[in-house]
Every structure is written in C-alpha cells, then in structure tokens.
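1. Compute the structure for the input listed below.
(chains A and B)
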Number of protein chains: 2
Amino acid sequence: MAAQKKNGLQTVWFQSPPVIISAASVVGFREGEGPLGKTFDKVVYDSYYGEKTWEKAEQRMMLDAMKKALQKAGLQEKDVDFILAGDLLNQIISANFTASSMSVPFLGLYGACSTMYEGMALGAMLIDGGFADRVLVATSSHYSTAERQYRFPTELGIQRPLTAQWTVTGAGAMLLAREGTGPVITHATIGRAIDMGQGDPMDMGAAMAPAAADTIMQHFVDTGRRPDYYDLIITGDLGAYGKKLAEQILAKNGYDIADRFTDCGILIYSGSQDVHAGGSGCGCSAVVTCGYLMEQLKSGRYKRFMGVGTGALMSPCSVQQGETIPGIGHAVVIEAR
Amino acid sequence: MAAQKKNGLQTVWFQSPPVIISAASVVGFREGEGPLGKTFDKVVYDSYYGEKTWEKAEQRMMLDAMKKALQKAGLQEKDVDFILAGDLLNQIISANFTASSMSVPFLGLYGACSTMYEGMALGAMLIDGGFADRVLVATSSHYSTAERQYRFPTELGIQRPLTAQWTVTGAGAMLLAREGTGPVITHATIGRAIDMGQGDPMDMGAAMAPAAADTIMQHFVDTGRRPDYYDLIITGDLGAYGKKLAEQILAKNGYDIADRFTDCGILIYSGSQDVHAGGSGCGCSAVVTCGYLMEQLKSGRYKRFMGVGTGALMSPCSVQQGETIPGIGHAVVIEAR
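-> Numbering: from 1, shown residues only, chains lettered A, B, ... in the order given. Okay, here's the model as predicted:
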C-alpha cells in the first residue's frame, strides 16, 4: 500500500512524501505594500488588472499564479495530471473559468478559506496514491469580488466592526510532484466541520477557531507529536481574535503552542493598514504559504511547519436565514528537504 | 504502487476496485411520481420537509440519504474516514451544514451537477490509494432552492424555454469501501473544463454536451475500449437537447453510442410531467445512480456501465456579466460483481 492511514484517525501519512517543486503568488497593491510584500512574485496595482470586471481580474490573477508556478518548474500544461482549485465566489467561477483556459483534467473544490490546504492535502494523496505525477493546486480571492458578494456594495463605505477581516486580493498556485527538488508534504490532517453556535459573519475568526484547534489537537493525538516538534504552527485566517481563541482552547487541552503559533491573516498586513482583525479569504493562506513560507523554508529559518487552512462555512443566504457558522480546518505538514 | 495512471492520460485504473457497499436516495414528490419513483428509498411530499426553509429541507434530505446509506451497510459515522460532498447552493451550504452534523473529516467539492461523479472518482482514489477504508459521497439539489438562487423567484411563474431543465429535488449518498459486497468502481476519467462559447443559462445541455463527449472519447482512447464494451453509457443531466448534441459530436468522431446511450435527466421524469428538456441538478445523477442504476445492476439487467456526471460551470454573476458557460464531465465505470 502506498500510504498509511490508521482506522479512526484523521491524519494521513505519506510514504513517499510529494514534493512542492514550485509555488507562485500574485497579490494586490495592499498585500504588496504589507510586511510580506517582497515574498510575492507579482504585485498588481490596478484592482481591475486591465479587465472589465473584478471577477475577470481575479481569474487573471489565478491564471498568472498557475502559469508562473509551471514556468518556475520549467513545465507546461501537458505535464500536469490534475488541477485542483477553488475560490470564494458563488459556484467557484474564478477556478472554473481559469480551468477552462487550461487543457488539464480539473477537480473543483470548496472549503471556503481552507481551500488551498484542502487542495494540497488531496493533491498529495493523489500523487502518493499513484494517480498522478504532478498536480497543480490553486486558489484565489479578491477584496472587491468578495465584498460585494458577501457583504455590501463597496461604494456604500459601510463601517466594519473590529473583529471583521479584510479579504486578501491574491492568488497562489503550487505544483506538487512525485519527484523533484523542494520541500515535501509529509502529513495531512483533514478537519471535521464544527459548529459551536457562532453566527456573526463579522467575526469569522471566532467561528473557525474551534475547528482549527480541533484539527491541531487531533494531529497531535494521531501522530504522538507535541507542539515543539514544529518550528511553526500557522493558521490560515483566524485573525487577531480567532488566533487568541484557538490558542486558549489548545492551552486548556494541554497544548501550549503560543511560542510558535501565528496566522497568515495576521502576518500579511501591518497594524497601520487599517484592516481590523487581519486578512482572510482563499488567497490569504495561499499567497502567504506560496510566497512567504516557501521563502522561509528556503532560507533555513524554518525546517518544518504545520499549516492549517481555516474556513468559515457560511453563505449570505444562511446568515440571513439566521443560521450559525460552522468552521473547518485542514492541516498539512511541510518539511524542507 | 496501488494504482495506475499513465502520464498524459485522463483515466485512472483502480487495481483493487473500491466497492459500493451501499447507496441511498431521497427525492421530492415530482421525482417520486416519475418513471423511476419506485427505485428511490424515500419520497418526501412536503417541499419544506417540515423545516422552516427550503434550504434546511435540502440539508435534511442529504442527511437522510447519508444516514440511510450507513444504515443499509450496518455502519455508523465513526466507521467512515471521509465525507466528500457538495451541492449547487452558494458556498455549498447544503453539504457544509450536513457535514457539521456528522463527526467525520469532510472535504467539500464543487463540480456543479457533476459533483456526485467527482466525489465517486475522488473517493475511489482515496480508498485505492490507501488513505481510507470507507468514504461517504453525497450530493443534493432542491428545485425551490436552486430556482430562486439561479433564476427567478418561483412566485413569479416566469415562462421557461423548451431547452430549460427542471432541477431535481433529491439527495443521493453512496458508501465506498475497500472491502465488502456490491458493484465496484474500476475506472475514472476526470474531465477538462471546456468552453465552446455557449452562453444561454436556459440551455445548459448545449454547454455541457461538448465536455461530456470529450470525456467519453478520452475514456475510449485511454482504455482502448469501444462503446459496445458497456451495456449502458449514461450522462448526468444533458437533457433531451444536450444528449442529442453529445451523440452527434461522438458520431462525427467515429463513436456511435446511440444504441446504448441515455441521460439521467431524461429518465427521471416522464414526458407528461412538463419539465421541458429533462431533469438537472446535483441530485439528478445522484439519485438516478444511487437508486435506479444500482437496482439495474442488482437485477442483472446491466453488468457494467459508464456514468458521466455533467456540470455547467456558471454562476448568475458570470451570466449577467455576459460570460459564456464552460462545461465539464467526469466519467466513472461501475461493474456488478
């Protein structure tokens, strides 16, 4: 058998850990001006990116990221077995339209802001399971497409509470392969959808924190590891309040991760950028992982980390109907080789 | 290696074909009154299913189907490694909320109406790859939730063109396992997103037909098989016009499948039910596969068939912005054992 997963556990082990042979990131101006700006491949200053709509701009960013990842690896579309992609827009049109411009078998995913990590976990399984030599994983988000779909017309200038987060404009793509040079994916812990009764769409960190904590704990239980095994544990977009909550839940359960725990949504903007609790969106964990974290592994600052993509499983319809917001977290362990 | 996929091909072979140990279907009254009515496990006559909203009713149908599939196999939630599920609603809330009431690792999918077949293909890969012993795959759709999200408030009674299809109210769930009794999944051919420039959301069969034909042809090329290898080739929801178009494209390319080709969307309603071109929606191929097709295998009428889940990759936003509609088709080969 190519892989190991013991019955009843949520964590899969990769016997021949798939290699991240390249990764690429394209971001908007706000992300480019943020503290991680220099770690991204391209900064786009026009929110329309020369297109007629923000939706087309987001698709162009996702296509750019995919093409850049292929180019860095010296490969072409025909060398890729599957594209795994998704995004925040209704019916994942960013991924669908981008995929329709690539002649590659395509599997659409939706895990809200956890989609990049869901794709990395599934892509690694398809490779280690023997079904693919190379898988291209990509996600995107765009402040302006998300804001008008999920919240208010941006023209209204509605005031946002301090727990609100700012949707990252950006796309990340990662090329996973059976063989090659680069960091490897050694484990994935697939999360459960957890609903603790939080219903405020302006405080999604609180909705996602219990799910992130559940996945992290389950990973430790499954692997027998302790937090200090990792140089870094990083969630996708819990933001300042959600991160604190996850930290507290973990501490109460005997896992003190505070000295090595951060969040992509906290890192991507500086305090002076007026984004309230931090960044969010499919693009948030995608560009921070494909840009900043890959660079940190390369520089040797970190040897291995656990990334946990986090998603708030709501829709404007479910919120308007008074439903609560389940959260989910998918963890992937990445090690420098 | 657990599996075979030759480079450049779209088809994966399962070396230890995963077993469909159970399948369950729950439908609305129109589907229950249709020609396949007796093949479904449960018919729900109240479109609200006792809930406050149609969205909650759809979730309840999906949960019913999942629980019924578990019950038929004599298994419980804890025996399942992963749930793979998706649906048509924005942010796949039917799947997300249903998953949040099950304590099982969850991977959200979106392939429009192809989602059931996407899930079956991925689920089979996770099992044959060694990552799971049992995977629960489910999708749903509901006429009333889809109609108001994609088209018009149903109260308006807008007239529909004859190419329009009727969204199936129903949910299907299938339990795949490494071992057990039942039909097996031997191959999966993952489709490419194909955009032929069709832009009319009231004629989605035409948007999906080229993608379905592409996947079917690619399957024949990859496997060296001819149409007569299968007792039946069945698409998900091309409807009357889309089916004819797919048939023509295949015939032009040297594959005459007319004598063994049908479509779930055509089978599910009778001509007198006034549904125009036929059924559609994630629930369409799901309930026909989990209900009718499983029964046909059991009765010995068919020994093996190729099902092709078909999806129209659009959103109301993309249509309103004047974009065309890419289609996709994922094929899965199922054989009685």
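2. Helix, strand or coil: sort out A:Ala171 for me.
-> Judged by DSSP: H, G, I helix; E, B strand; the rest coil, the three-state class of A:Ala171 is strand.
3. Apologies, that question was intended for A:Ile83.
-> Per three-state DSSP, A:Ile83 ends up strand.
4. give me the number of residues near A:Ala211?
-> Counted by other Cβ atoms under 10 Å in any protein chain shown, the residues lying close to A:Ala211 total 29. Where C-beta positions appear, they are placed from N, C-alpha and C, glycine not excepted.
5. now A:Pro161
-> 10.
6. ok, now A:Ile249?
-> A:Ile249: 18 neighbours (other Cβ under 10 Å).
7. residues contacting it?
-> A:209-210, A:213 (Cβ atoms under 8 Å, 6 or more residues apart in numbering or on different chains).
8. Can you give me the buried ones in the strand or helix carrying it?
-> Assigned by DSSP states H and E, A:Ile249 belongs to helix A:239-252. Buried residues in helix A:239-252, counted by 16 or more other Cβ atoms under 10 Å in any protein chain shown: A:239-247, A:249-250.
9. three-state assignment of the closest residue to A:Gly123 other than its chain neighbours?
-> Leaving aside its chain neighbours, A:Gly123 sits nearest to A:Val135 (3.8 Å; criterion: Cβ to Cβ, 6 or more residues apart in numbering or on different chains). Under three-state DSSP, A:Val135 falls in the strand class.
10. Does A:Val135 touch A:Leu126 like I think?
-> Yes: contact criterion Cβ atoms under 8 Å: A:Val135 and A:Leu126 qualify, at 5.7 Å.
11. which neighbours do the two share?
-> A:81-82, A:84.
12. These also near chain B: which ones?
-> Counting by Cβ under 8 Å from any Cβ of the partner chain, A:81-82 from the shared contacts of A:Val135 and A:Leu126 sit close to chain B.
13. Of the shared contacts of A:Val135 and A:Leu126, select the buried ones using a PyMOL command.
-> Listed next is the PyMOL selection for buried residues among the shared contacts of A:Val135 and A:Leu126, using 16+ other Cβ under 10 Å:
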select buried, chain A and resi 81+82+84
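14. Can you convert the shared contacts of A:Val135 and A:Leu126 into CSV and add a column each for distance to B:Ile21 and pLDDT?
-> As requested, those are exported to CSV (distance: Cβ to Cβ, whole Å; pLDDT from 0 to 100):
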residue, distance to B:Ile21, pLDDT
A:Asp81, 28, 97
A:Phe82, 26, 98
A:Leu84, 27, 98
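15. quick check: angle from the helix or strand harbouring A:Gly205 to helix A:239-252?
-> For A:Gly205, the host element (DSSP H and E) is helix A:204-223. Angle between the axes of helix A:204-223 and helix A:239-252 is 40 degrees (criterion: axes from the mean of the first three to the mean of the last three Cα atoms, to 10 degrees).
16. Now the element after helix A:204-223, going C-ward?
-> By DSSP H and E, the next helix or strand past helix A:204-223 is strand A:232-235.
17. by contact count, what packs against that following strand?
-> With contacts taken as 3 or more Cβ pairs under 8 Å, 6 or more residues apart in numbering or on different chains; DSSP states H and E, strand A:232-235 sits against helix A:204-223, helix A:239-252, strand A:261-263, helix A:264-267, strand A:304-312.
18. Pull up the pairing partners for that strand, direction included.
-> Neighbouring strands of strand A:232-235 in its sheet, by DSSP bridges, are strand A:261-263 (parallel), strand A:304-312 (parallel).
19. Just name the most buried of those strands.
-> Counting by mean count of other Cβ atoms under 10 Å in any protein chain shown, strand A:304-312 has the highest mean neighbour count of the strands paired with strand A:232-235, with a mean of 28.
20. does the one helix or strand A:Cys317 maps to come close to chain B?
-> Element membership for A:Cys317 (DSSP H and E) is helix A:316-320. Yes: applying Cβ under 8 Å from any Cβ, one finds helix A:316-320 in contact with chain B at A:316-318.
21. which of the residues in that helix are buried?
-> Applying 16+ other Cβ under 10 Å to helix A:316-320 flags A:317-319 as buried.
22. Going by distance to chain B, which of those wins?
-> Proximity of the buried residues of helix A:316-320 to chain B (Cβ to the nearest Cβ) peaks at A:Ser318, which lies at 4.9 Å.
23. and A:Glu155, how many neighbours?
-> 7.
24. roughly how far apart are it and chain B?
-> 17 Å (Cβ to the nearest Cβ, to the nearest Å).
25. phi, psi of A:Ile21?
-> phi -80, psi -20 (degrees, to the nearest 10).
26. again, but for A:Arg30
-> Per-residue torsions, A:Arg30: phi -70, psi -40 (degrees, to the nearest 10).
27. Contacts only, for it.
-> Neighbouring residues of A:Arg30 by Cβ under 8 Å, 6+ apart: A:143, A:166, A:169, A:269, A:273, A:275.
28. does the fourth one count as helix, strand or coil?
-> Right, the one you point to is A:Tyr269. With three-state DSSP as the criterion, A:Tyr269 reads coil.
29. Residue ranges in the stretch 151-300 of chain A under the pLDDT threshold?
-> Along the stretch 151-300 of chain A, the model assigns pLDDT under 70 to no residue.
30. Next to chain B, which bits of it? Give me the list.
-> A:190-195.
31. Apply 10 Å and report the result again.
-> A:178, A:188-196, A:211, A:214-215, A:218 (Cβ under 10 Å from any Cβ of the partner chain).
32. So the residue in the stretch 1-150 of chain A that chain B sits nearest to versus A:Ala23, what's the distance?
-> Using Cβ to the nearest Cβ, A:Gly129 is the residue of the stretch 1-150 of chain A that sits closest to chain B, at 2.1 Å. From A:Gly129 over to A:Ala23 the distance is 22 Å, taken as Cβ to Cβ, to the nearest Å.
33. got it, and A:His330?
-> 17 Å.
34. swap in A:Gln248?
-> 32 Å.
35. how about the nearest residue to the residue of the stretch 1-150 of chain A closest to chain B, chain neighbours excluded?
-> That would be B:Gly129: by Cβ to Cβ, 6+ apart, it lies 2.1 Å from A:Gly129.
36. quick one: the helices in chain A?
-> Residue ranges of the helices in chain A, as given by DSSP state H, are A:29-32, A:54-72, A:93-100, A:115-128, A:143-150, A:204-223, A:239-252, A:264-267, A:282-287, A:294-299, A:316-320.
37. winner for burial among the ones you listed?
-> Of the helices of chain A, helix A:282-287 is the most buried (mean count of other Cβ under 10 Å), at a mean of 37.
38. Thought A:Tyr302 was touching A:Val333, still the case?
-> No: with contact defined as Cβ atoms under 10 Å, A:Val333 does not reach A:Tyr302; the gap is 11.9 Å.
39. Of these two, give the one with the bigger neighbour count.
-> A:Val333 (23 against 20).
40. contacting residues for the residue nearest to the more buried one when sequence neighbours are not counted?
-> Closest residue in space to A:Val333, ignoring its immediate chain neighbours: A:His187 at 4.1 Å, by Cβ to Cβ, 6+ apart. Contacts for A:His187 (Cβ atoms under 10 Å, 6 or more residues apart in numbering or on different chains) come out as A:4, A:11-14, A:17, A:121, A:124, A:219, A:222-223, A:225, A:306, A:331-335.
41. Output the helix holding A:Cys317 as CSV, nothing but the C-alphas.
-> Written as CSV, here are the backbone C-alpha positions of helix A:316-320 (Å, rounded to 0.1, in the frame of the first residue of the first chain):
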residue,chain,number,x,y,z
PRO,A,316,-25.1,35.2,2.8
CYS,A,317,-28.3,33.2,2.5
SER,A,318,-27.5,31.0,5.5
VAL,A,319,-26.6,34.1,7.6
GLN,A,320,-29.8,35.9,6.5
